[in-house]
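Colleague: Here you go, sequence then predicted model.
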Amino acid sequence: MNVVRTFVRNMSQGKKWEPLRKVGIIGVPFEKGQKKYGVSVAPAAMRAARLVDHLKEIDGLDVKDYGDIETVGSSENVNVDNMTHLSSVSACNKKLSECVSRVLRDGRIALTIGGDHSIGVGSVDGHYSVNEDMILIWVDAHADINTNKTSGSGSVHGMPVALLVKELSDYWPYLPTMDWQVPKFSIKNLGYLGLRSVDHYERLAIEKYNVPAFAMEDVEEHGIKKSIKHILQVLDPNNEKPIHVSFDIDSLDALEAPSTGTPVRGGLTLREAISLMEIIHATGRLRALDLVEINPALGNESDRKRTIEAGLCVLRAALGFSRKGTAPRGVLDLPVQTHSNK
Ligand SMILES: NC(=[NH2+])NCCC[C@H](N)C(=O)O
Ligand SMILES: [Mn+2]
Ligand SMILES: [Mn+2]
C-alpha cells in the first residue's frame, strides 16, 4: 500500500518512480581493505546459505545472480602513505563500479555482497554514474570517512566515504591507480545511521558538513522509524530520489552479528534493522544495497550462522519480505474444505 501511495504521489509530481521488483546480485570476494582473513569468503557463504532461494521466496521478486567480481590482485605496486593495498582496492572497485552500473541499466536493484567496506567506493560510484541524484544512507557502527592522514589503521575500509565525496577531495594526495574514480557525489546527499565508534577527525567532518547522523544514542532517543524518516526527510524532502543503502553488518549489535572484523557492542537489534529496511523498501526508491563486513572465518559455528542469518533477514526486509505474510496472488478466496470423505 505504501509503495502504491508513493508511486501515485511521485506521479503527481511528474516523477516516474515505480517500486522495482527485480534485483541483481553481485558478489565481491574482496578483503584487502582491512587486515583480517575471511571477509572475502562472505559471498560464497551467503550463497551456500541459499541467498538466491531466500530472495526468490519474496512475493513477485525477480532475482538474477551476476556472479562474483574478479578480484585477482593488481600487479601495480603503488605506495601511498598509510593506505594499505591501494592498487588492489582500486582495481576491484573499478570492476564493481562497472558491474553496478550494468545491473542498474538492466532495470534491477543492485545488491552488492562484500567483501569489506572499501567496496562501497565502487558500488556508490557505479550507482552515481546511472543516477546522479541518488542519496546514500550509510548504516554502520563506524563513519568510514577517514583519509590516509586521519586514519589510525591505514585500512581503506575506514576511508570509502572520504574517497567518494567531492567536498573532501582536497584532503587527499594524488592517488595512483585511482584516476578512474572522480569524486562527484556530494556529502549533502549522505546520512548516517547506527554510529558508535567515530574517530576525532571523522566527527569533525560530520559536523563541518552538517551530515544528518543518527548515532546509537539518537536511535535510542527517537526510535529507529523516526530516525530513518528524519534522515530521508532531510536528504530528500520531496520523496523523489533513488536510495543507496550501504549496510555494514557491524551496525548490528555484536551479539546479533558476531562474525565481523571490527565488532562494537551496543548496536542495532536485528528487529531495528529489519524495521529500517522495511521503511526503505516502502519508499519504492531503493536502487542499490550493499551488505558488507560479514566475516565467516571469525568466531565459532554458531556465531557464523547467526551473522549470516542476520544478513539474510536484512536483505529480505529491504527487498519486500513482509513479516505479516503476503496473500497468494490471483487468488480471490480461502480454499474451501468440502468434508466429502466424512
Ligand atoms: N568498515 C569498517 N568496519 N570500518 C572500520 C573502521 C575503523 C576505524 N575507524 C578505521 O578507520 O580504521
Ligand atoms: Mn563500514
Ligand atoms: Mn563498520
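Modeller: Okay, I see it. Bear in mind that the values here come from a model prediction, so they are computed numbers and not experimental data. Residues are numbered from 1 along each chain as shown. Ligands and ions are numbered 1, 2, ... in the order given.
Colleague: Ser88 against Lys32, yeah?
Modeller: Yes: with contact defined as C-beta atoms under 8 Å, Ser88 counts as touching Lys32 (4.7 Å). Quick note: C-beta positions are derived from backbone N, CA and C, even for glycine.
Colleague: Between these two, which contacts overlap?
Modeller: By the contact definition C-beta atoms under 8 Å, 6 or more residues apart in numbering, Ser88 and Lys32 are jointly contacted by Gly73.
Colleague: separation between Glu278 and Ile224?
Modeller: Glu278 is 10 Å from Ile224, where distance means C-beta to C-beta, to the nearest Å.
Colleague: burial count for the residue in the stretch 1-150 of the chain that ligand 1 sits nearest to?
Modeller: Closest approach of the stretch 1-150 of the chain to ligand 1 (C-beta to the nearest ligand atom) occurs at His117, with a separation of 3.2 Å. Close neighbours of His117, defined as other C-beta atoms under 10 Å, add up to 32.
Colleague: can you give me phi and psi for the nearest residue to it once chain neighbours are set aside?
Modeller: Spatial nearest neighbour of His117, excluding adjacent residues (C-beta to C-beta, 6 or more residues apart in numbering): His157 at 4.2 Å. Note on His157: its backbone torsions stand at phi -70, psi -10 [degrees, to the nearest 10].
Colleague: check contacts around His157.
Modeller: Counted by C-beta under 8 Å, 6+ apart, His157 has contacts Gly33, Gln34, Asp116, His117, Ser118, Asp144, Glu293.
Colleague: Contact partners for the last one?
Modeller: Remark: with contacts taken as C-beta under 8 Å, 6+ apart, Glu293 is in contact with Val39, Gly114, Asp116, His117, His157, Asp248, Ile249, Asp250, Thr260, Gly261, Thr262.
Colleague: Name the residues that touch stretch 263-280?
Modeller: 137, 139, 141-142, 193-194, 196-197, 216, 219, 224-225, 228-229, 243, 245, 247, 250-257, 286, 310, 313-315, 317-318, 322-323.
Colleague: So which of those are in strands?
Modeller: Members of the contacts of stretch 263-280 lying in strands (criterion: DSSP state E): Ile137, Val139, Leu193, Gly194, Ile243, Val245, Phe247, Leu286.
Colleague: which of those residues sit farthest apart?
Modeller: Gly194 and Leu286 (17.4 Å; C-beta to C-beta).
Colleague: more neighbours, these two?
Modeller: Gly194 (30 against 24).
Colleague: what pLDDT does the more buried one get?
Modeller: In this model, Gly194 is scored at 98, pLDDT.
Colleague: Use 31 as the first number from now on
Modeller: Understood, numbering begins at 31; the last thing we discussed is Gly224.
Colleague: tell me the contacts of Thr292?
Modeller: Contacts for Thr292 (C-beta under 8 Å, 6+ apart) come out as Gln64, Ala171, His172, Ser227, Asp280, Glu323.
Colleague: The stretch 131-280 of the chain against ligand 3: which residues are in contact?
Modeller: Within the stretch 131-280 of the chain, the positions near ligand 3 by C-beta under 5 Å from the ion are Asp170, Ala171, His172, Asp278, Asp280.
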